[in-house]
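# have a look; sequence and predicted model below, questions after that.
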Amino acid sequence: MTEEKTESHDQAVPEAWSAFMREGWGDRELNLPAHPVTPYAAARRARLAEAFPGERLVVPSGTYKVRSNDTDYRFRPDSAHTYLTGNQTSDASLVIEPDGSAVLYARPRSSRETDEFFRDRAYGELWAGRRPSARELSDSLGIEVRHIDSLDLGGSTPTRVLHEDPDLTRVASELRLVKDEWEIAELSEACEITALGFEDCVREWDDVRTYGERWIEGTFFRRARAMGNDLGYDSIVGAGAHATTLHWIDNTGPVKPDDMVLLDMGVEGRNLYTADITRTLPVSGTYSPLHRELYTLVLRAQEAGIAAVRPGAAFRDPHHAAVSVLAHGLSDMGLLPVSVDEALDETSKVYSRWTLHSVSHMLGIDVHDCAAAAKEAYTEGTLEEGMVLTVEPGLYFQIDDLLVPGEMRGIGIRIEDDILVTAASEGGARNLSHHLPRHPGEVEEWMGRLLP
């Protein structure tokens, strides 16, 4: 049986109090609506079962993780579990039997016959809120639901458990490479909300100048929580030289008038699909000549990368197209120690001193989606209609890099958009994050409309 979670400083509960707490409660239902993912999730489970005939598959949702002593992080379910069920409650496991039938074993709300509802800090209704009943979950998700305490994985049936079995983990990841229409709609919505979050930040630019990177982080988070589930990942708010740190998430620095600020931020929607968008904005509202020159180079690289997205192209084609533009630009600046062709050779790649990262990754229910997929299906594979990937070239000139001119040191620029692979007859690619301007003049005009 599940145990109640209490803490050392909780008061004692005499039998009289416990007995009294179990009396006089009415009954009410949550009446959860039917989840729109239900038919898609059923089809996904069927595809997963087909890959492992005669075997039992177990996909847990996960449980709470401690943040500090007796406080936990806000729960976020395992991505594969939610992809296959739509469920977002903790302490649940999807079990797909060899015949293809599926049961969701969950921890529903407790009855009033135990003390859990008023004593348990993690699962008790009066402490943590009302969890759905088994019937409510079943009606909403369109899947049989049983109590987690009844889960029995004994017997002779071959059983695979996600994250314990590498083949199951790989296949579950590869299933998500091509998005269905529902997923594309979720990603599109996440991009739209993310664009609103960027706009919120520029509208509060006076406070940004006063409080620095922290204000942008907090402002964007407000929009993510108001219209989505959370942030898709820790926001990167890099002003000035902080923009040259790829994953600068401290967000503790000032935002100075002559700087640019790199904003890599994404809203995770209510069904956990996330956007991943980067813009590099001039703090003053106008790019300096040097900033505009470097920004335009990165933009040309991104446009080349997006142009390379099409069905049948190699996954790495957008990367090669973008870094070729960057390498030529670096050569024109006199920075490369060898010719462009030599620099671009896979045995050299010395241009990477100033570009550092790959230009693309898959996007979906995880910001770096499908990460457990085999290389042959992902990074060494080909693009298919329905895949969604980022295109995000960047240039990063470290503040202590003596090989670049002094005026360029401490400048970091990245431009990132979320690109859906479409049919060739539809152009091959669609920018889901088109709501935010990219061209420098359009960025300046957009900021001019929003700045306080």
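Yep, it's here.

# buried stuff in stretch 10-27?
For stretch 10-27, a neighbour-count test (16 or more other C-beta atoms under 10 Å) marks residue 21 as buried. Where you see a C-beta, it was placed from the backbone N, CA and C, and this is true even at glycine.

# and for it, what's in contact with it?
Under the contact criterion C-beta atoms under 8 Å, 6 or more residues apart in numbering, stretch 10-27 has outside partners 112-113, 115, 118-119, 121.

# just the endpoints, please. Distance across it?
End-to-end span of stretch 10-27 (C-alpha to C-alpha, to the nearest Å): 27 Å.

# so for the strand or helix carrying residue 196, mean pLDDT?
When elements are assigned from DSSP states H and E, residue 196 belongs to helix 181-203. For helix 181-203, mean pLDDT is 98.

# could I have the CA atoms of stretch 320-336 written out in PDB?
Output in PDB follows, covering the C-alpha atoms of stretch 320-336 (Å, rounded to 0.1, in the frame of the first residue of the first chain):
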ATOM      1  CA  HIS A 320      26.100  22.600 -43.400                       C
ATOM      2  CA  ALA A 321      24.300  25.300 -45.300                       C
ATOM      3  CA  ALA A 322      24.300  27.700 -42.400                       C
ATOM      4  CA  VAL A 323      27.900  27.100 -41.200                       C
ATOM      5  CA  SER A 324      29.200  27.500 -44.800                       C
ATOM      6  CA  VAL A 325      27.800  31.100 -44.800                       C
ATOM      7  CA  LEU A 326      29.300  31.700 -41.400                       C
ATOM      8  CA  ALA A 327      32.700  30.300 -42.400                       C
ATOM      9  CA  HIS A 328      32.800  32.500 -45.500                       C
ATOM     10  CA  GLY A 329      31.900  35.500 -43.400                       C
ATOM     11  CA  LEU A 330      34.700  34.700 -40.900                       C
ATOM     12  CA  SER A 331      37.100  34.400 -43.700                       C
ATOM     13  CA  ASP A 332      36.100  37.800 -45.100                       C
ATOM     14  CA  MET A 333      36.900  39.200 -41.700                       C
ATOM     15  CA  GLY A 334      40.300  37.600 -41.900                       C
ATOM     16  CA  LEU A 335      39.800  35.400 -38.900                       C
ATOM     17  CA  LEU A 336      40.200  31.900 -40.300                       C
END
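
# make 97 the starting number, not 1.
Yep, numbering from 97; the last one is stretch 416-432 now.

# pull the most distant pair out of the contacts of stretch 106-123.
Spatial extent of those (C-beta to C-beta) is set by the pair 209 and 217 at 19.3 Å.

# which one of those two has more residues nearby?
Set residue 209 next to residue 217 and count neighbours by other C-beta atoms under 10 Å: residue 217 wins out with 16 against 8.

# pLDDT value on the more buried one, please?
Here, the pLDDT recorded for residue 217 equals 88.

# what do you get for residue 127?
Note on residue 127: pLDDT of 81.

# how about residue 382, nearest residue that isn't a chain neighbour?
Spatial nearest neighbour of residue 382, excluding adjacent residues (C-beta to C-beta, 6 or more residues apart in numbering): residue 540 at 5.6 Å.

# that neighbour and residue 507, how far apart?
For residue 540, the distance to residue 507 equals 18 Å [C-beta to C-beta, to the nearest Å].

# pick out whichever of the two has more residues nearby.
Taking other C-beta under 10 Å, residue 540 and residue 507 do not tie; residue 507 has more neighbours (24 against 17).

# what secondary structure does residue 200 sit in?
At residue 200 the chain is in strand, as set by DSSP: H, G, I helix; E, B strand; the rest coil.

# tell me the contacts of it?
Neighbouring residues of residue 200 by C-beta under 8 Å, 6+ apart: 181, 183, 188-191, 233-234, 237, 239-242.

# change it to 7 Å
Applying C-beta atoms under 7 Å, 6 or more residues apart in numbering to residue 200 gives the contacts 181, 183, 188, 190, 233, 237, 239-241.

# also residue 379?
Each residue near residue 379 by C-beta under 7 Å, 6+ apart is listed here: 351-353, 355-357.

# and for the residue nearest to residue 487 when sequence neighbours are not counted, the neighbour number?
Closest residue to residue 487 apart from its sequence neighbours, by C-beta to C-beta, 6+ apart: residue 401 at 4.3 Å. By other C-beta under 10 Å, 30 other residues sit near residue 401.

# kindly export the host helix or strand of residue 401 (C-alpha atoms) in PDB.
Taking DSSP H and E as the criterion, residue 401 maps to helix 385-403. This file holds the C-alpha atoms of helix 385-403, laid out as PDB (Å, rounded to 0.1, in the frame of the first residue of the first chain):
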ATOM      1  CA  PRO A 385      26.800  49.400 -37.400                       C
ATOM      2  CA  LEU A 386      29.000  46.600 -36.100                       C
ATOM      3  CA  HIS A 387      26.100  44.800 -34.500                       C
ATOM      4  CA  ARG A 388      24.000  45.100 -37.600                       C
ATOM      5  CA  GLU A 389      26.800  43.700 -39.800                       C
ATOM      6  CA  LEU A 390      27.400  40.700 -37.600                       C
ATOM      7  CA  TYR A 391      23.700  40.100 -37.000                       C
ATOM      8  CA  THR A 392      23.100  40.200 -40.800                       C
ATOM      9  CA  LEU A 393      25.700  37.600 -41.300                       C
ATOM     10  CA  VAL A 394      24.000  35.300 -38.800                       C
ATOM     11  CA  LEU A 395      20.600  36.000 -40.400                       C
ATOM     12  CA  ARG A 396      22.000  35.000 -43.800                       C
ATOM     13  CA  ALA A 397      23.300  31.800 -42.300                       C
ATOM     14  CA  GLN A 398      19.900  31.100 -40.800                       C
ATOM     15  CA  GLU A 399      18.100  31.800 -44.100                       C
ATOM     16  CA  ALA A 400      20.500  29.400 -45.900                       C
ATOM     17  CA  GLY A 401      19.800  26.700 -43.200                       C
ATOM     18  CA  ILE A 402      16.000  27.100 -43.500                       C
ATOM     19  CA  ALA A 403      16.200  27.000 -47.300                       C
END
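
# flag every buried residue along that helix.
Neighbour counts over helix 385-403 (16+ other C-beta under 10 Å) mark 387-388, 390-391, 393-403 as buried.

# thanks again, I'm all set now.
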